[in-house]
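1. Just to be clear, the model below is a prediction. Sequence and coordinates:
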Amino acid sequence: MSRIRVAVIGAGPAGLCAARHLAADSAHFEFQVFEQAGEVGGTWCYTEFTETDEYGVPIHSSMYRNLKTNIPKEIMPFPDFPFHETETSFVHHTEVLKYLKGYAEHRDLYKHIRLRTVVNKVTPVPVDGGRTSWSVSIQDLETKKREELEFDAVMVCNGHYCAPYIPEIEGIDEFRGSIQHSKAYRSPEAFRNLRVVVLGAASSGADIGMELSEVAGEVYISHNLPEPLLYLPSNVKQVPGIKSASREGFTFHDDSTAEADALIYCTGYRFEFPFLTPECKVRTEGRRVMPLYKHLIHTELPSICFVGLPFKVLPFPLFHFQIQYFMRTLDGSIKLPSKEEMDEEADRDFQKRLALDMPPSCAHEMGSLQWDYFAELADCIGLKRLPPVVRMVYDFVADRRKEDLVHYKTESYTVLDHGHFENKHVSP
Ligand code: FAD
């Protein structure tokens, strides 16, 4: 039987993970990875640039200069490739890039990756027997040469923290301070002594708010979280969401006001697939990508998958399970249900979230749902589940973050052989 030809779009952690597993099964698969950047690592390739690179490609990375992971390195990595030794658990972004490059080298993946090669267009092509093949148009950014290639399957690993989501704010055009999204934030120096409103208090909002507090005059973290952030520095105030803007500043939903010199949107990202043609029949409704089975596989065209859509998860283990699950559907080891059954299951999953009081924008949010999701994928394909201690550490860190946002990253974790863990304070 001929091998299944797979195109992988992107060589960030998800694309590398895809390459690692496809390469390990060369009896069934041949593949190429296309990466528009000059190196592997995706968003972990930090750059001072914020607009476009030397080839005119929009900057992909959303990392800021001082970023440390918000997941300890003991539970963050791919289950089959531990993190290297580091002094702390919450490591600087440069360590993550080092880890990813080590993974690529260890698995000899570079030979499968075409760097500086952008995927411009992906379209399904019906072939005999009701099957679909995929036409993938690429361009080598150095030579400008374009090619159209044919594959049997596509893994979309283009990353989901790249296209900023900017909510509408009444009167924002009036505001005469500076405005930017966290995607373009690199370091706090530019905000010295300024009054800064940070809109959003998820990972980036809280993190950026904390590092701004060291140099800014006042920081207002504007959010609608059900619980306040605790023990914040004295120049950080919490205010509700923004109701409207004026020349001088902002009015919040409790009608309090603040004069401000700058606004940073830490409002997250949109899912974006600019290379998909309408024939791909992928639609994005708010934060829900459809029609997808198990947040992954197109129900009508099941030879394309979208890796890494779920958020509030352990991303690297997520990729590990999703990619191997998809591969087993491609090689026929597991048989997918009918399109109708897959659509029904996807709808049940969505309704379950609504019943848990999650808003429609949380269609792919996981949080505590991730453990069952991982276990289900693992069991379907006979993979080892994540050990329970991973969840124990994850939940413990989430609690520590709630209790002490300022210091939780100064603690270090050790996973012990008998399935428990220790944490200790390591640096001020
Ligand atoms: P990305 O890393 O975004 O990689 C996607 C790749 O696809 C990029 O290299 C891009 O150039 C390429 N690409 C896109 N479009 C094309 C195209 N058309 N043609 C060719 N190539 C293309 N995760 C953690 O586990 N721990 C953390 O502490 C953590 N902190 C984070 C902090 C920030 C600020 C952000 C933004 C994310 C953080 N994440 C964290 C999540 C992070 O997104 C994942 O760790 C991981 O990088 C996602 O991998 P990915 O491969 O899906 O996407």
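-> Thanks, I have the structure now.
2. Which strands and helices lie in contact with the host helix or strand of Ser137?
-> Secondary structure here is read from DSSP states H and E; on that basis Ser137 sits in strand 132-140. With contacts defined as 3 or more CB pairs under 8 Å, 6 or more residues apart in numbering; DSSP states H and E, the secondary structure elements packing on strand 132-140 are strand 117-126, strand 146-151, strand 153-156. Every residue, glycine included, has its C-beta placed from N, CA and C.
3. which one of those strands lies closest to the ligand?
-> Between the ligand and those, the tightest spacing by CB to the nearest ligand atom is seen for strand 117-126, at 3.8 Å.
4. mind giving me the domain split of this protein?
-> Domain assignment for the chain by automatic domain parsing gives 4-162+269-381, 166-265, 388-424.
5. Kindly check the end-to-end length of the shortest one for me.
-> What that stands for is domain 388-424. When the termini of domain 388-424 are compared using CA to CA, to the nearest Å, they are 20 Å apart.
6. any residue of it up close to the ligand?
-> No - judged by CB under 6 Å from any ligand atom, domain 388-424 and the ligand are separated, with a smallest distance of 9.9 Å.
7. as a whole number, average confidence for that domain?
-> Averaged over domain 388-424, pLDDT sits at 93.
8. Over to the longest one?
-> Confidence for domain 4-162+269-381, expressed as mean pLDDT, is 97.
9. how long is it from one end to the other?
-> With CA to CA as the measure, the first residue of domain 4-162+269-381 is 18 Å from its last.
10. And stretch 225-239, by the same measure?
-> In terms of CA to CA, the two terminal residues of stretch 225-239 are separated by 10 Å.
11. What are the buried residues along it?
-> Within stretch 225-239, the residues that qualify as buried are 229, 232, 236, 238-239, counting by 16 or more other CB atoms under 10 Å.
12. Please report how far the nearest residue to Asn158 once chain neighbours are set aside lies from Ala37.
-> Distances taken as CB to CB, 6 or more residues apart in numbering put Gly10 closest to Asn158, at 4.6 Å, once the chain neighbours are dropped. When distance is defined by CB to CB, to the nearest Å, Gly10 is 9 Å away from Ala37.
13. between those two, who's got more neighbours?
-> The neighbour count for Gly10 versus Ala37, taken as other CB atoms under 10 Å, is higher for Gly10 (26 against 23).
14. That one is in contact with Glu35, isn't it?
-> Yes - the pair Gly10 / Glu35 is scored as a contact, 6.2 Å apart, by CB atoms under 8 Å.
15. Surely Pro72 and Val393 touch.
-> Yes - contact between Pro72 and Val393 holds when scored by CB under 8 Å: they sit 6.5 Å apart.
16. out of those two, which sits in the busier spot?
-> Regarding Pro72 and Val393, a neighbour count based on other CB under 10 Å identifies Pro72 as having more, with 25 against 22.
17. Spit out the contact partners of the more buried one.
-> Neighbour list for Pro72: 89-90, 393, 397, 412-413 [criterion: CB atoms under 8 Å, 6 or more residues apart in numbering].
18. List just the nearest of these to the ligand.
-> Phe90 (7.7 Å).
19. Was I right to think the closest one contacts Lys68?
-> Yes - taking CB under 8 Å as the contact criterion, Phe90 and Lys68 are neighbours in contact, 4.6 Å apart.
20. what's the overlap in contacts for the two?
-> Overlap between the neighbourhoods of Phe90 and Lys68 consists of Lys409, taking contacts as CB under 8 Å, 6+ apart.
21. Tell me which of the two has more neighbours.
-> When neighbours are counted by other CB under 10 Å, Phe90 comes out ahead of the other of Phe90 and Lys68, with 22 against 15.
22. Spell out which parts of the stretch 201-350 of the chain neighbour the ligand.
-> Residues of the stretch 201-350 of the chain lying close to the ligand (CB under 6 Å from any ligand atom) are 204, 275, 308, 315-316.
23. Thanks a lot, catch you later.
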